[in-house]
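Novice: model the structure of this input:
(5 chains)
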Amino acid sequence: MSVDKQPFKPLIAAFCCNWCSYAGADLAGTSRLAYPAEVKIIRVPCSCRVNPLFVLRAFQRGADGVIIAGCHPGDCHYTTGNYYARRRMTLLFSMLDYLGIEKERTKLDWISAAEGVKFATVMNDFSKEIHALGRNTRFGDLRCTTAVAQ
Amino acid sequence: MQRIGVFVCWCGSNIAAAVDIETVVQAMKSEPGVVYSTDYQYMCSEAGQGKLKDAVKEHGLTGIVICACSPRMHEATFRNAAKAAGVNPYMVEIANIREQCSWIHRDRAEATAKAVVLSRTAVAKVNLNTPLTPGTSDVVKRALVIGGGIAGLQSALDIAEAGYQVDIVEKQPTIGGKMAQLDKTFPTLDCAACILTPKMVDAAQHENIRIYTYSEVEQVSGFVGNFSVRIRGKARSVKADICSGCGLCMEKCPSKKAKDEFNMGLNNRRAIYIPFAQAIPNVPVIDREQCIKFKTGKCGLCARVCPADAVDFEQQDSIIEERYGAVVLATGFHTLSLEHYDEYQYARQPDVITSLELERIMNAAGPTGGKLLRPSNGKAPKSVVFVQCVGSRDTTGCGKTYCSKICCMYTAKHAMLIREKYPEVDVSVFYIDVRTPGKNFDEFYRRAVEDYGVRYIKGMVGKVVPEKGRLLVRGSDLLDDSQVALEADLVVLASAVEADASAKGLATLLTASIDTNNFYTEAHPKLKPVESPTAGVYLSGVCQGPKDIPETVAQASAAAVKVVGLLSKDKLLSNPCIARADELLCSGCSNCEHVCPYGAVSYIEQELRIHGRNQIRRIAKVNEAICQGCGACTVVCTSGAMDLRGFSNSQIMAEVDALCR
Amino acid sequence: MEHRVYSLPKKRMGELFGLISSSRQLFLPMEKGGQFQFSRVDEHTDLEGVSLDRLLTAGSAKELFFPQTQQIAAFRRRGKEIELTSAETLTSAFVAFGVRACDARSLEVLDRAFLGTPRDTMYEEKRSKGTVVTLACNEPEETCFCSVFSIDAASPKGDVETWIAGDTLYWRPGSEKGAELTQELDALLDPCSEEEPEGLIQLKQQIRSIIGKLPLGRLSLEQFRPEALQELFDDPAWQKLSEPCIGCGTCTFVCPTCQCFDIRDFDTGEGVQRFRCWDSCMYSDFTTMAHGNPRTSQVERFRQRFMHKLVYYPANHDGLYSCAGCGRCVSKCPNSMNMVKVMKTLGGAQHV
Amino acid sequence: MHNSSCTVKETARKILESGQAERLLGWEQDSSGYNHAPAVFKSAGELDRFIYDRFCGSNLSKLLARLREAEGRTAVLLKACDRESFNLLVREHRIDPEQVHRVDIECSGMVDIEKLRNKGIKGIREITESGDELHISTLYGEKRCRSEEVLLEKCLSCPAVSSADAFDAVGQMEERSSLERYEFWKEALSTCIRCNACRNSCPVCTCEQCIFDNPRSGTAGKASADFFEDQHFHLVRVFHAAGRCTDCGECTRVCPQGIPLYLLNRKVIKDINELYGELSLEDKELGKGALTSFSFQDAHPDIIRKRTGDQ
Amino acid sequence: MSNCSCNSTNALVPTIGVVTDIRVDTPDVKTFRVTGVQGGLCFDYVPGQCAMLSIPGVGEAMFSITSSPTNREYMEFSIKKCGILTDWLHEIEPGQQVAIRGPYGNGFPVDTVLKGRDLLFIAGGIGLAPLRSVINYCIDNRKDYGTIDIVYGARSAEDLVHIDELKTYWNSLENVSVHLTIDNPQEGWDGHVGFVPAYVQELGFDVDRTVLVCGPPIMIKFTLASLGELGFEKSQVYTTMELKMKCGIGTCGRCNIGSKYVCKDGPVFRCDELESLPAEY
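Specialist: Numbering: from 1, shown residues only, chains lettered A, B, ... in the order given. As a prediction, this is how the structure comes out:
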């Protein structure tokens, strides 16, 4: 099918905490620091709001990579949220890796409201990794994405 | 199903230059729930907001999506506009197509496609939004300050001056705290008592302040604006209301063996005592463990001599129950116990003392009447060696890992004062670093070295050895790369500052978190340094971390301002985007309670009707006045019973779906 | 019409499978992930995994005719419009080889449920395209009790009935469909000269003698009559019986005669797929409707399942029980509760 | 095992006779000799059908949680592996310890009947134990088998039974390449029939309503249309049990499809052990688990990326 | 993928209909008028039969058809808000398409048993929906039936569905009597106050009528008792149990009450038949 010939356009879901990383993304925007358009942000109050179900859901619905960004340890607006997020996501990423889903498809990073540059860099780097990996064929839902290999 | 209106903003050319507005407008028209989709040059302008209001009327909109700049910019603006148009402000969602789209993507097709995705994601969310209303709660116009040291006093005075009632709870028989024990204060060398005691008097006489000394907080319930607190006033055995403070009882008391805590145990006091002359209240207290009457039943001399008949051996603890709108924690510190520091011989050699003990020795009201004398033999020392960082910056596990912050300065102060009064005494200081970042601090330290000839040795002391009635201090001089051994008559240890022992218990009572060193954690290390993570609980002074007097006072006043700000409100409006537990789904596991940083979740036994049968279940209840809406609880809730309004599981999943479509 | 018996050396069965799969889809009991399942076999399949010695597949042959999930329709919604984009897909002809007598009986049970009025066309489609080749059970298990339901594992009814006796596969068409398949396999199958070859007679005797010794072979069905419905329904023993039941769906999903299903929609983002999937009357929400749930406790759900198999179904279907005695529930229930225990407890004094 | 079987029955009798408990949760003998079902005994007289032998693998804690509303105290028999799940259920308030008379019983390993069958043993009529050997009388002759070869998976890592390392198999799985792991799980999980035996028997799964059953959760699903849904179901199941799973082995024991679910649960336990170690005493006292506590020094998730083994 | 709109023989595949009108009956009941996309009925049916309505992606549910098949232009459904799908339906606007399949169930025996009989309809709340189809059928074929009495009650005056039809149309017809009641007194209500079963007894009907009852289970239970007191036999009384229908064709496994299947043997049952079934409904 002709679909195969089109260049790979990944889909990256980025969960950003409202107080640091979302503001970091805004700063990247204000500073006109480009990162690929395939990165699309969902705003959450805190990185600890990101339920692993959301990450899995994104993959099911055809995301090729999922990144979670929160305040640096110690800077959480809610004091401890990112510590819980850190544990949860570590275990989730480990489980995904264990099930053979490429571990480079998931990432968590700390990006403060002042780190517009870091936001762009992290997203650029993550996107590069996803491009290198190609389409996500190891976790998804056949009904949602025709692209997932049989 | 909602009736959603989508408004795509050009932001002049900021968005329109990179995003094809018309494509976005058209694309939104076929999204579920959208009944109206339009665009405008500047949505945030009066005219733009007017357009929104008109559309609400014309199309009966129940939900609004603004595709514009970051919600951090104008979310409030559009929420207000929606409110004015009769739509619940929480039915508004913003698609950030400027900062996160038009400003960073140069390819117009790409940017337009992304703007469509971001917009439909916002639409997907609004479809599941529900109108939210902030909760309200009353504010009790009274504050509680726990701790009657300089921090607590300052906070209390500031709050009282602003016109609000304040209660101070102090566990010692007198207010004043550690500062009352100090002799002079750096870097100005003015006398501590001279600046503290007037404040103590101010507090005692202030019509808005009540002081509960010799009292402790026993129980706390409630939440911001309305804490219920139980205070236990320990029995003084002296009726405070009729005691005139004449002091006769103390003179006659035959029990003289108790260590005088105020003088750091350097001398003894009576069983009935007032800690120091300017104590407030000026009412003695009977130390029941020392009192002969209490121990043997005989004596009672004090009662006999008391002209006011104020001594009451039968007195019981009193319980005070009071409600407060805010709580200030000002529990302060004590110095680290050095019993285990064998190398310094503190426990064995009376001439090895702590800096606070030296304060008392230097103080005119102290055990030696202000003369520098060796505790062992009462003779004047010829050589004094100071050792810094005893128990501070200690990674061996024995002491504290942090810097106690004030030791460098008070050691310089002590050294300078000794050299000034007793120029014949040699004074040396062992230090790791000298840290003097403060107004006039470094100048002060340099004066000690340059003008007063204090010998500073960079290095640690390895051992203090008693030798022929003197002390041999062995250490290293890192700058000279040599071992040194100094003979000293007095060794003064700068023992680390440690959070007061009461901090931990209070933290549990108030669900105010503490760090590994038992210092209270601030709500945000930078932006909320005087708030605890628990709403309505504020931090004042060293209980939050080591600091000197001016910093303590500054923080105390800052905390007071926060309290005043809170008490000045009649009602508290709470953020409506908070957690809520579905009682039929909740299984009562307590996991949400464990992760809540604010102690907002509690459990109740509730009778529920399930399948036509009444069942008592243990279920989570979120206190809406306390919850801040972080969502930590929602993720540990496996059944999804706990959900966050405004960022619900289904909303975020709908966003994910729309984003990945 | 009695069909004649054919034979084939056992070692040439691979060729037989090859020939069948050249014209139809072929499903065989195979080992997969440590379990035995009916799996599709084609020219690439390693026939090593084929397991005809193992008595039962984990799931029954039912899943070939009534798959766990099956698409009903697909829709697309745009604004107020709904478009029906597709209905069910057609099945190609297939052969299920190695179906045991109990599973073959279960298809008869399902036929009556699905092919009444109105007909379940999805099932009908699969059923009409599938040819069932049964295989006699040389070594029945202690969990087997098919004989209770008058099923003869030595002579399993099917479109084609087969036996493996020593080195020989015996093959006898049992229906028109079977005869058709037999014709296609003409090149391989040898018609036997006798009506029933000696090896086959011996094997049947051997199997029947083992069946006679099966510990569960003498369960009685006497109590389970439509007239006793109310009495059985009210029996206090259900309470005790259902105590270990954890309300999972294992028994229903491994059961060859269980037929309950749910209809669900799945929103793919691009459209909506409506599918049906197995459901279990053991699940707490099975009968939950907008207006409540008539079976709110596990004992009611538990009772429903067994009453259905032993009383309700036979009452509606000329006394045919909705159990084939395959014993899967006996070996698979997490808490060792099963049909046999129910039959023993409620079946009257003869079992005590 | 015979001795301990008699002792356990005796203990049970005493409890019921003395009225220490209103009822006792144990196992009821089945004529098959192995298919013993958990059962509630209400009087000493009912104990004739009580059994405790090599075939009492089921963990009674979950059933105990269901008896929450019963009047009076319930006695429960707990094997070593079941005790931790009992503790968890107490911790999460699903069992009121005041209402439970807890009896810890000895166990020398439980037999997995499926493993016996997989050894080609068919038509089992009677199983007797002699030393470390099982004598199985079948319709097809007498068979023997060393009991240690057919123990339940969970028993193989039980310190009372075996010296094996519970995490060996997980370690081996980790050694494999990402693609190999993917293929392995694809094959293993695609056999899942979503019967929910693993979930419904799991002592950790005590939600009032599972998100997979709740039409409003957005994750409801009854059957899997493709392997990815199985993957998703098991990931979520394991994740919801993370920090709570006590490795009681029920999920693996009950899976009708023989999916090695323990490899998933133990992986999480291994990760938690390696990354976070023991909970602090204080957290333990508060009843916290690995995912409801944290430490400032916790590793960053990038630690997963740094692991060896590529695709 | 075939783009059929669809002549599937599969009973589970719906056709597409369109909601042409929505009437608000009570705060939680709306009546939806549905036609085929090209207008007209989606299928033929008899009074008491049901149809499965669905919005793909939202859900599917069974509703009794409340209009009479004598109306050849459209079907009507009176739907109470009580679940995911019904919540959704209450939000839609005319023009919304729905997926519809049916008809399901046996229906009331309008052309056999009921013919020539005096009829007594007793309904509570939304229970009027299935009976309304029969009532209008009988009215449209007036000569085939005897007198018609309608006893209808609801919690409050606001909860009475089809109130205009009850008061102004049915009540105006010859030999048709409407008896309304509400549970509790309220301002502006000058009619009868009290529960339906008590009202039935109060009205004291002759036992030569055939009775059709529909409403909440508790109401049916007590109404049967009242009828018994008046001397009615259970075999004179019919009711409908369409709430238990799920797939509509009797195969999904939910609708059985003992050996009877609501989808196949019902939803209309004679009460003596129902009585012989296990009490699981």
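Novice: now do the helices in the stretch 251-400 of chain B.
Specialist: Using DSSP state H, counting those that start in this stretch, the helices assigned to the stretch 251-400 of chain B run over residues B:292-296, B:301-305, B:355-362.
Novice: can you check chain A too?
Specialist: With DSSP state H as the criterion, chain A has helices at A:21-30, A:52-60, A:81-98, A:116-133.
Novice: okay, these in TSV with mean neighbour count, mean pLDDT and distance to chain D next?
Specialist: Every C-beta, even on glycine, is put in place using the N, C-alpha and C of the backbone. Converted to TSV, these look like this (neighbours: other Cβ atoms under 10 Å in any protein chain shown; pLDDT from 0 to 100; distance: least, Cβ to the nearest Cβ, whole Å):
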stretch	mean neighbour count	mean pLDDT	distance to chain D
helix A:21-30	26	90	15
helix A:52-60	25	94	5
helix A:81-98	26	94	4
helix A:116-133	19	94	8
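Novice: thinking again about what came up before, and the helices of the stretch 251-400 of chain B as CSV, adding mean pLDDT?
Specialist: Shown next, in CSV, are the helices of the stretch 251-400 of chain B (pLDDT from 0 to 100):
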stretch, mean pLDDT
helix B:292-296, 93
helix B:301-305, 93
helix B:355-362, 95
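Novice: please list all residues in contact with the residue of the stretch 151-281 of chain E found nearest chain D.
Specialist: Residue of the stretch 151-281 of chain E nearest chain D, by Cβ to the nearest Cβ: E:Cys252 (12.3 Å). Applying Cβ atoms under 8 Å, 6 or more residues apart in numbering or on different chains to E:Cys252 gives the contacts C:260-263, C:276, C:279, E:246.
Novice: show me where the stretch 451-600 of chain B has strands.
Specialist: Using DSSP state E, counting those that start in this stretch, the strands of the stretch 451-600 of chain B run over B:455-458, B:461-467, B:470-477, B:482-488, B:490-495, B:497-499, B:537-539, B:571-573, B:579-581.
Novice: and those strands, which one is worst for confidence?
Specialist: Least confidently modelled of the strands of the stretch 451-600 of chain B is strand B:571-573, at a mean of 87 by mean pLDDT.
Novice: beta partners for B:Ser476?
Specialist: B:Ser476 forms beta bridges with B:Gln483, as assigned by DSSP bridges.
Novice: isn't it up against B:Val484?
Specialist: Yes - under the criterion of Cβ atoms under 8 Å, B:Ser476 makes contact with B:Val484 at 6.9 Å.
Novice: tell me where the longest helix sits in chain D.
Specialist: Longest helix in chain D, counting by DSSP H: helix D:2-18.
Novice: which other helices and strands contact the helix or strand following that helix?
Specialist: Downstream of helix D:2-18, the first helix or strand assigned by DSSP states H and E is strand D:23-28. Counting contacts by 3 or more Cβ pairs under 8 Å, 6 or more residues apart in numbering or on different chains; DSSP states H and E, strand D:23-28 packs against helix D:2-18, strand D:37-41, strand D:74-78.
Novice: near B:Asp287, how many other residues are there?
Specialist: 19 (other Cβ atoms under 10 Å in any protein chain shown).
Novice: distance check, it against E:Ile249.
Specialist: Separation of B:Asp287 from E:Ile249 (Cβ to Cβ, to the nearest Å) stands at 89 Å.
Novice: buried sites along the strand or helix carrying E:His179?
Specialist: Element membership of E:His179, judged by DSSP H and E, is strand E:176-182. Buried positions in strand E:176-182, judged by neighbour count with 16 or more other Cβ atoms under 10 Å in any protein chain shown: E:176, E:178-182.
Novice: just the residues you listed now: which is nearest chain B?
Specialist: Ranked by distance to chain B (Cβ to the nearest Cβ), the buried residues of strand E:176-182 are led by E:Ile182 at 24.5 Å.
Novice: assign the closest residue to D:Leu264 other than its chain neighbours to helix, strand or coil.
Specialist: Excluding the flanking residues, the one nearest D:Leu264 by Cβ to Cβ, 6 or more residues apart in numbering or on different chains is D:Val238, at 4.6 Å. The three-state assignment at D:Val238 reads helix, by DSSP: H, G, I helix; E, B strand; the rest coil.
Novice: mind listing what D:Val238 touches?
Specialist: Neighbour list for D:Val238: A:95, D:245, D:264-265, D:267-268 [criterion: Cβ under 8 Å, 6+ apart].
Novice: mind putting these in CSV, secondary structure and distance to B:Ala156 included?
Specialist: CSV is the format used below for those (DSSP: H, G, I helix; E, B strand; the rest coil; distance: Cβ to Cβ, whole Å):
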residue, secondary structure, distance to B:Ala156
A:Met95, helix, 53
D:Cys245, coil, 51
D:Leu264, helix, 58
D:Asn265, helix, 55
D:Lys267, helix, 56
D:Val268, helix, 51
